[in-house]
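Asker: Got a sequence here, can you model it:
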Amino acid sequence: MATSSRRISDEPGFVLHRYDWSESSLILEVFTRHHGRVALVAKGAKRPSSNFRPVLLPLQPLRLAFGGDAEIRTLKGAEWVGGQVMPTGDALLSGYYLNELLLRLLARDDPHPGLFEAYASAVQVLSWEHGEALQPALRAFELLLLREIGLLPALDMQTLALAPLQPEGRYSLVPEGGLVEAAAGDGRASLSGAQWMGLERALRQPAPFGATIREAAAVIAGLKPQLRALLHYHCGVTTLRTRQLMMDLQAL
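Answerer: Numbers count the residues shown, from 1 in each chain. Reported below is the predicted structural model:
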């Protein structure tokens, strides 16, 4: 999508990552509701007197103004919306994990307003620090991200055979073939046909994030390794950086 030289104002967004650009400025990767992932230069943001300095934090809802017609546009304004606290502990690392997924899988300047709403809802769950809701929220967001960018097949039929699922049958989601019938003794994680169809119905709801959390909560153990393998396959890595950090911290 071509960039626009017009100024964008009052745009909902989140900071995904920030890089040093000079002694006083930053390059930001932000996720916005109407413009997708956008790169911005925040001039002077590292100066102690900068109004940007206390605002440009990850996992916090912002209102942004920016403009320019280059690949990296210029941040003109940023305002904290408020309403939620910064996640801590495992929730903070989980938020960085979501950000890494967006950075790896979303192209710049490709709007995904529905995915933005799911991300905002997931970050809100993380800010509550509800341990029991953390894993279902992550799995729900992974499913919605994969569906939004066309990497998740329909979950109510076998992908290659185009055959309907049997409610009592067992099926595995594999990177190379989509949803396939699970073979006895192959060691792959699987879910029942009824469970996969429940997830598909949730993903098609008008408010899919909440519905998918409820379905995912009942199948976490089987769903997590299948989604992890699919995400690693499409990200081109064996382990995401934030996941490796989580494992390293747990080993201390």
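Asker: secondary structure element for the most centrally placed residue in the chain?
Answerer: Nearest to the mean C-alpha position of the chain, by Cα atoms, centre = their mean, lies L98 at 4.2 Å. In the assignment (DSSP states H and E), L98 maps to helix 89-105.
Asker: Now do that helix: everything it contacts.
Answerer: Residues from elsewhere that reach helix 89-105, judged by Cβ atoms under 8 Å, 6 or more residues apart in numbering: 16-17, 29, 31, 37, 58-59, 86-87, 119, 122-123, 126-127, 129, 131, 134, 138, 141-142, 145, 149, 151, 231, 234-235, 240-243, 245-246, 249. From N, CA and C alone the C-beta is placed, and that goes for glycine too.
Asker: OK, contacts around the closest residue to F52 other than its chain neighbours?
Answerer: Among residues not flanking F52 along the chain, A45 sits closest, at 4.0 Å (Cβ to Cβ, 6 or more residues apart in numbering). A45 is in contact with S24, S25, L26, F52, R53, L56, L75, counting by Cβ under 8 Å, 6+ apart.
Asker: gap between A45 and I27?
Answerer: 10 Å (Cβ to Cβ, to the nearest Å).
Asker: wouldn't H34 be in contact with P111 here?
Answerer: Yes - counting by Cβ atoms under 8 Å, P111 is a contact partner of H34 at 5.7 Å.
Asker: So between the two, which is more surrounded?
Answerer: More crowded of H34 and P111, by other Cβ atoms under 10 Å: P111, with 15 against 12.
Asker: Which element, helix or strand, includes the more buried one?
Answerer: Applying DSSP H and E, one finds P111 in no helix or strand.
Asker: these two touch, right, it and R37?
Answerer: No - contact between P111 and R37 fails when scored by Cβ under 8 Å: they sit 9.3 Å apart.
Asker: Assign L16 to helix, strand or coil.
Answerer: strand (DSSP: H, G, I helix; E, B strand; the rest coil).
Asker: How far does the helix holding L98 sit from its chain's centre?
Answerer: For helix 89-105, the separation from the chain centroid amounts to 7 Å (computed by Cα atoms, centre = their mean, to the nearest Å).
Asker: For that helix, list the C-alpha coordinates in CSV.
Answerer: What follows is helix 89-105 as a C-alpha-only set of coordinates in CSV (Å, rounded to 0.1, in the frame of the first residue of the first chain):
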residue,chain,number,x,y,z
GLY,A,89,6.1,-10.3,35.3
ASP,A,90,4.9,-13.1,33.0
ALA,A,91,2.2,-10.8,31.6
LEU,A,92,4.8,-8.3,30.5
LEU,A,93,6.8,-10.9,28.7
SER,A,94,3.6,-12.2,27.1
GLY,A,95,3.0,-8.7,25.8
TYR,A,96,6.4,-8.6,24.3
TYR,A,97,5.7,-12.0,22.7
LEU,A,98,2.6,-10.6,21.0
ASN,A,99,4.6,-7.6,19.8
GLU,A,100,7.2,-10.0,18.3
LEU,A,101,4.5,-11.9,16.4
LEU,A,102,3.2,-8.7,14.9
LEU,A,103,6.6,-7.5,13.9
ARG,A,104,7.5,-10.8,12.2
LEU,A,105,4.2,-11.5,10.5
